[in-house]
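Visitor: Sequence plus the predicted model coming up.
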Amino acid sequence: MNQFYLLFNAFTLMNVLILTFILLFRKNNSNANIILALIILNPGLNFISNILIQSEVVFDVPYFFFLFQSSSMLYGPLVFAYVCTMMGERYKWLSVLNGLCLLVVLFEIYNAYSFSKLTLSNQTTYLQGLTNGHYPADQEMFSNLFVLVMLAYFIVALVKIKKYRKNALDFFSDDEMTKVYYVRWFVVLITTLNVVLIICYAAFPSPMLEYSGIPLMIMTVYIYVVAYAFNHSAILSDTEYCTLQANAKPLERFLKNEEPRCKEIQALKGSVGKYKLTEMEMNENYMKICDYMKQEKPYLDPNINLTKFSSDLKACSHNISLTINCKFEMNFFDLINSYRIEFAKDRLLSFDKNKLTIESVGTASGFNSTSSFYRAFKKHASCTPTEFLKVNTQVAN
C-alpha cells in the first residue's frame, strides 16, 4: 500500500466533492450547473477506485473497480451535453460518439466478466498488478481507448463551438449573451488536459499516472475552470439559464431562414438557400446601415441583435448580414462593438473621475459586462480603457 497515493487521492476526492457541492446545491439552480457539477464529480468516482486499490479494500470488492472504470466513460457525453446546454440546444443521445462510448463500456464489462472466470490466485495477481507496475493488459487497453474516445468528443465539441461562434458573431452584439467565449475556453482546457494525458500514458507507468498524475492535473484544471466560470458569470441561475435559451431561439430562427421578411424575399425570388445581392442592393443596404447608426445609435442597446437591427431597417436579416460582411468586412458583432468603442472613446475624452467610472462608460456604451467592454476596447483600440485615458490625459496636459 502506498500511503502517499492513498492520502493524495483522498484529498483530491474531498476537493472534487466540495466543488460539486458548490455547483449542485445552489439556490435557484440551472440544468447547466447540474451538468457541470456531474462533469467535476465523474473523475471523483475514479479517485474512489484509487482509494480502494491503495487501501487494499479492492480485494474484497473487486467489481467496484470495473464499475468505476466504466462510469468514467460518461465524462465525454457529459462535457458534450454541457456544451449543447450552454448553447441552448438539446443533447442528442443517439450519435456515433455515444455508440463508440458504449462499445468501450461493453469492453470493460467484458473485462469484468473475464476477471470473474479467473481462479482466486489469478484474480489476486490481477488486482496486485494495479499497483506493482504490472498493470493488466486489458486495463492498459481500456485507458488508451478512454483517452482516444474522450479526445474525439472534445474535437467534435470544439468544431461545434467554432461553427456556433461564427453564427453567433454574425447575429449577436455581445458574446456574454451566449457565453460562447467561456464555453470555448472550457473545452480548450479540457482538451489540453486530455492531450497531456495521452502523452503521459506513453511516457509514464500507468500506476504512477493513475494515482498521482491524473488527480493532480484534474484538480488544477477544475479549480481554474470553476474560478473562470464564476469570473465570467457562467454559473447560471435558473432564470439566467432560461434567458440564455431564449436568446438562442432568435439565432435558430435566423439560421433556419424562418424570419418573415426573409421568407417573403425568398418567395419573390423563387429560391432557397444562400442569399444573393446585386451591387446596387448592397450599396443601398450599406447607406441604410450607416444612416441608421448615425441617427438612431442602435449600438447603445445592450440587447440588440441582427433580427431587431434588420427589422428596424425593414430589411431581411440575411441580406443585412451579407452587406455587413462584404461592405464593412466584419461580422455584426464587430460592427456594433466598433461603434460602441468610438462612443466610449468620446466619453473617456471628457472623463471626470469624480462623476464617472470606466465601468459606467462601458455600460453607457452598450456593453453588458465590464469584461466584454475591456475585450472589445482592446481589440478595436489596441489598448485598454485605462491606457487610453492615461495617454489622452497626458496629451491634454
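Guide: Arrived safely.
Visitor: buried stuff in stretch 175-191?
Guide: Residues 175-187, 190-191 are the ones in stretch 175-191 that count as buried (16 or more other CB atoms under 10 Å). C-beta coordinates here come from the backbone N, C-alpha and C atoms, glycine included.
Visitor: for these, which one is nearest residue 231?
Guide: Set against residue 231, the nearest of the buried residues of stretch 175-191 by CB to CB is residue 182 (8.9 Å).
Visitor: so what's the closest one up against?
Guide: Counting by CB atoms under 8 Å, 6 or more residues apart in numbering, residue 182 touches 86, 228-229, 232, 234.
Visitor: Max pairwise distance over these: which two?
Guide: Top of the distance list for these (CB to CB): 86 and 228, 13.5 Å.
Visitor: When these two are compared, which one has more neighbours?
Guide: Neighbour count, other CB atoms under 10 Å: between residue 86 and residue 228, residue 86 has more, with 25 against 14.
Visitor: Which residue is the nearest non-sequential neighbour of the more buried one?
Guide: Using CB to CB, 6 or more residues apart in numbering and skipping residues adjacent in sequence, the residue nearest residue 86 is residue 183, 4.8 Å away.
Visitor: So among the contacts of residue 182, where is pLDDT lowest?
Guide: Least confident of those in the model: residue 232, at 69.
Visitor: gap between residue 236 and residue 243?
Guide: Distance check for residue 236 against residue 243: by CB to CB, to the nearest Å, it reads 9 Å.
Visitor: Looking at those two, which is more packed in?
Guide: Per other CB under 10 Å, whichever of residue 236 and residue 243 has more neighbours is residue 236, with 23 against 14.
Visitor: burial of residue 389, as a residue count?
Guide: Neighbours of residue 389 (other CB under 10 Å): 18.
Visitor: Could you work out the most separated pair of the buried residues of stretch 175-191?
Guide: Farthest pair in the buried residues of stretch 175-191, by CB to CB: 177 and 191, 24.5 Å.
Visitor: name the helices or strands packed onto whichever strand or helix holds residue 103?
Guide: Following DSSP states H and E, one finds residue 103 within helix 96-116. On a contact count with 3 or more CB pairs under 8 Å, 6 or more residues apart in numbering; DSSP states H and E, helix 96-116 meets helix 62-71, helix 75-86, helix 137-169.
Visitor: Give me whichever of those is most buried.
Guide: Among the helices and strands packed on helix 96-116, helix 75-86 has the highest mean neighbour count (mean count of other CB atoms under 10 Å), at a mean of 22.
Visitor: can you give me the angle that one makes with helix 137-169?
Guide: Orientation check (axes from the mean of the first three to the mean of the last three CA atoms, to 10 degrees): helix 75-86 against helix 137-169 gives 10 degrees.
Visitor: Low-confidence stretches in the stretch 151-300 of the chain?
Guide: The stretch 151-300 of the chain contains residues with pLDDT under 70 at 176-178, 206-208, 232, 266-275.
Visitor: Would you map the helices across it?
Guide: 180-203, 206-208, 214-231, 238-255, 260-269, 279-296 (DSSP state H, counting those that start in this stretch).
Visitor: okay, these in CSV with distance to residue 29 next?
Guide: Converted to CSV, the helices of the stretch 151-300 of the chain look like this (distance: least, CB to CB, whole Å):
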stretch, distance to residue 29
helix 180-203, 18
helix 206-208, 37
helix 214-231, 14
helix 238-255, 6
helix 260-269, 37
helix 279-296, 39
